[in-house]
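A.B. asks: missing the sequence, but the structure's below:
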């Protein structure tokens, strides 16, 4: 009996599997990533007709949320101004509203947040980060974690909107942005260069908490 390989591949993709370079099935960690989290009542915060807001499952700060469009968009490279500009602006507006809600709820207007995207995200689909700048979290463990939010690897949402308006699409220089992840550690609020992550976290606690 001849096996319908196309059918098998389709089923494996649907069930969260992909094939490696040898053709063997392997679990696709992205499949059960953000779309799955969006259905988790313990993570889901709110939604509207276009977006879903969730808590980051492994937050890198006291306040760390993700906002996903309901449209099937894999990453920034798929954005086109004529199709997605209004959606990207809506994501930004939802993020700004979330920040104001958090500040009001905690009566802490001085809380500092950033809103933006990872240039090369580790998970799909497209999502925007809303993250407080305390970076006080046990899930913040590695230099890569730190640099992904405190270097130019983190693309501010407002800049993405402006680039779409001017150029119709988003251009990512992979080699350039990957180099930011390898940058030496540096405090995001002063010129201190810590030796390692424990040193950095102790510095943040003493000098910037």
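C.D. replies: Done, it's in. From a predicted model like this one, the values you see are computed outputs, not experimental measurements.

A.B. asks: Report the separation between the nearest residue to residue 71 once chain neighbours are set aside and residue 99.
C.D. replies: The shortest distance from residue 71 to any non-neighbouring residue, by C-beta to C-beta, 6 or more residues apart in numbering, is to residue 87 (6.6 Å). For glycine as for every other residue, the C-beta is placed from the backbone atoms N, C-alpha and C. Residue 87 sits at a distance of 19 Å from residue 99 (criterion: C-beta to C-beta, to the nearest Å).

A.B. asks: And the contacts of stretch 146-157?
C.D. replies: Under the contact criterion C-beta atoms under 8 Å, 6 or more residues apart in numbering, stretch 146-157 has outside partners 60, 76, 88, 91-92, 95, 114-120, 128-129, 131, 135, 140, 177, 180-183, 185-186, 188, 197, 200.

A.B. asks: ok, longest helix in this protein?
C.D. replies: Using DSSP state H, we find that the single longest helix of the chain is helix 81-106.

A.B. asks: so the helix or strand just after it versus helix 81-106, what angle?
C.D. replies: Later in the chain than helix 81-106, the nearest helix or strand by DSSP states H and E is strand 113-118. Note on geometry: by axes from the mean of the first three to the mean of the last three C-alpha atoms, to 10 degrees, strand 113-118 and helix 81-106 are set 150 degrees apart in direction.

A.B. asks: Give me the buried positions along strand 113-118.
C.D. replies: For strand 113-118, a neighbour-count test (16 or more other C-beta atoms under 10 Å) marks 113-118 as buried.

A.B. asks: And stretch 157-175, by the same measure?
C.D. replies: Using 16+ other C-beta under 10 Å as the test for burial, stretch 157-175 gives 157, 160-161, 163-164, 170.

A.B. asks: Quick check: mean pLDDT of that stretch?
C.D. replies: The pLDDT scores in stretch 157-175 average 97.

A.B. asks: Likewise for stretch 68-75?
C.D. replies: When pLDDT is averaged over stretch 68-75, the result is 95.

A.B. asks: just to revisit the earlier point, let's see which of the buried residues of stretch 157-175 end up in helices.
C.D. replies: Counted as lying in helices by DSSP H, out of these, are 157, 160-161, 163-164.

A.B. asks: Many thanks, we can stop here.
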